[in-house]
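J.: With the input below, show me the fold.
(2 chains)
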Number of protein chains: 2
Amino acid sequence: MSRSYIAGPVQALINEFSKLPTVGPKTAARLVFYLLNRPRGDAQSLADAIVALKDRVRLCSVCFSITEEDPCAICTDERRDPALLCVVAEAKDIYAIERTNAFRGTYHVLGGLISPMDGIGPTQLRVSELLERLQGEQRREVVIATNPNAEGDATALYLSRLIAPSGISVTRLAYGLPIGGDLDYADEVTLAKALEGRRAL
Amino acid sequence: MSRSYIAGPVQALINEFSKLPTVGPKTAARLVFYLLNRPRGDAQSLADAIVALKDRVRLCSVCFSITEEDPCAICTDERRDPALLCVVAEAKDIYAIERTNAFRGTYHVLGGLISPMDGIGPTQLRVSELLERLQGEQRREVVIATNPNAEGDATALYLSRLIAPSGISVTRLAYGLPIGGDLDYADEVTLAKALEGRRAL
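T.: This is a model prediction of the structure:
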């Protein structure tokens, strides 16, 4: 295909969209043609929202989540249990946990996971900030909500050893079968973890 | 989930991305967090490309495809065969055909397909512009490249009856099994069309 037959601004936006995760060249082209058929205002609000994201969003100085006002809405919410702290790798993990409506404590965003392969150690993460927060207030429990993989395991283990001496209880999310899943389709590691973590009925 | 815990600009951009086709709320959130982790310049070039699309792109006054300069690069390409005209519903169909490198004629974009259900008749499409173009130059063949569905069929039939009296030959894309496809998985209509259109070896 002679690419020059595609109008410059069309190809430019296809290229930009293609840089986004989950968006391949075909989807990118589809998005561009969708925008071409929309009123100018629709495209402008999308562009404005992208710029506003970078201009108006900052990190919460307490928990390091993403917020427009500092401290964030969770850190300033007095109905939240300050004795219960949930440690997550990224700010987006907070939204996943909030969607469950099952957690009423506060959060701490590490900014990543320990990964020797990528040269990321505890000093690249907000570990000292976490320890400082644990000293400041009366804490009962730290829930470590890292992903169930090698980096998540390593980080959870590292933090639990670091926090244990303080007497604060350290817990981690349960592993097991996903609800609505099929035992037949579960991978061996998940199934083994589900057996290991079996509970009395 | 208490949505107010999501920073305003984050939620606003999730909403904007969710309006795009193929992008659901989860993908939208993923795109937003990707942009949050990218340098400001990356987000700015995406925003600029979106605005440029609406500001710098227009319709070719000859074939009605999308172009930055009028007439478009295909209409002004002298290596193209002007006697061979391909009729498509939308400008994006041109890109699909160009990718094959199998067509060296020029195009005409109808701007849709005849669809009585949606109240779209020939007068809403660029049919009179097509007839005008057919009179102006020496034309040998009109290839109707509409989608293989009810609207595409109706439009192709309508145009072929309209053009036939002029003596210009009217053809349509072949129906049949997709290359690399499996006979076993082909739907009955496609398979029937493939049988109907069978060719001597």
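J.: Same question for the helix or strand of chain A with the lowest mean pLDDT: list its buried residues.
T.: Averaged element by element with mean pLDDT, DSSP states H and E, chain A has its least confident helix or strand at helix A:188-196 (a mean of 80). Within helix A:188-196, the residues that qualify as buried are A:190, A:193, A:194, counting by 16 or more other CB atoms under 10 Å in any protein chain shown. Yep, even glycine has a C-beta here, placed from its N, CA and C like the rest.
J.: In this structure the first one contacts residue A:177, no?
T.: Right, the one you point to is residue A:190. Yes: taking CB atoms under 8 Å as the contact criterion, residue A:190 and residue A:177 are neighbours in contact, 6.7 Å apart.
J.: Can you give the contact residues for the least confident helix or strand of chain A?
T.: Counting by CB atoms under 8 Å, 6 or more residues apart in numbering or on different chains, the neighbours of helix A:188-196 from elsewhere in the structure are A:148, A:175, A:176, A:177, A:178, A:183, A:186.
J.: Could you measure from the first one over to chain B?
T.: Between residue A:148 and chain B the distance is 19 Å, computed by CB to the nearest CB, to the nearest Å.
J.: Could you find the closest non-adjacent residue to that residue?
T.: With CB to CB, 6 or more residues apart in numbering or on different chains as the measure, residue A:175 is the residue that lies nearest to residue A:148, at 5.7 Å, once sequence neighbours are left out.
J.: same question, the fourth one
T.: By the measure of CB to CB, 6+ apart, the closest residue to residue A:177 outside its immediate chain neighbours is residue A:194, 4.9 Å from it.
J.: just residue A:115 next, same as before
T.: What sits nearest to residue A:115 in space, not counting adjacent residues and going by CB to CB, 6+ apart, is residue A:151, at 4.7 Å.
J.: Which strand or helix spans the one you found?
T.: helix A:150-163 (DSSP states H and E).
J.: hang on, isn't residue A:65 packed against residue A:93?
T.: No: using CB under 8 Å as the test, residue A:65 is too far from residue A:93 to be in contact (9.5 Å).
J.: So for the two, which sits in the more crowded spot?
T.: Here residue A:65 and residue A:93 are compared on neighbour count by other CB atoms under 10 Å in any protein chain shown; more neighbours surround residue A:65, at 26 against 20.
J.: Let me see the contact set for the more buried one.
T.: Contacts of residue A:65 (CB under 8 Å, 6+ apart): A:59, A:72, A:74, A:91, A:94, A:107, A:109.
J.: go on, residue A:183?
T.: For residue A:183, the residues meeting the contact criterion (CB under 8 Å, 6+ apart) are A:177, A:191.
J.: name the helices or strands packed onto the helix ranked longest in chain A?
T.: Using DSSP state H, we find that the single longest helix of chain A is helix A:40-56. In this structure, helix A:40-56 packs against helix A:25-36, helix B:8-18, helix B:25-36, helix B:40-56, with contacts taken as 3 or more CB pairs under 8 Å, 6 or more residues apart in numbering or on different chains; DSSP states H and E.
J.: Can you lay out those helices as JSON lines showing distance to residue A:122?
T.: Rendered in JSON lines, the data for the helices and strands packed on helix A:40-56 read as follows (distance: least, CB to CB, whole Å):
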{"stretch": "helix A:25-36", "distance to residue A:122": "38"}
{"stretch": "helix B:8-18", "distance to residue A:122": "28"}
{"stretch": "helix B:25-36", "distance to residue A:122": "23"}
{"stretch": "helix B:40-56", "distance to residue A:122": "28"}
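J.: Those: which one's closest to residue B:84?
T.: For the helices and strands packed on helix A:40-56, the distance to residue B:84 is smallest for helix A:25-36, at 24.8 Å, taking CB to CB.
J.: The closest one to helix A:8-18, inter-axis angle?
T.: Computed with axes from the mean of the first three to the mean of the last three CA atoms, to 10 degrees, the direction of helix A:25-36 lies at 130 degrees from that of helix A:8-18.
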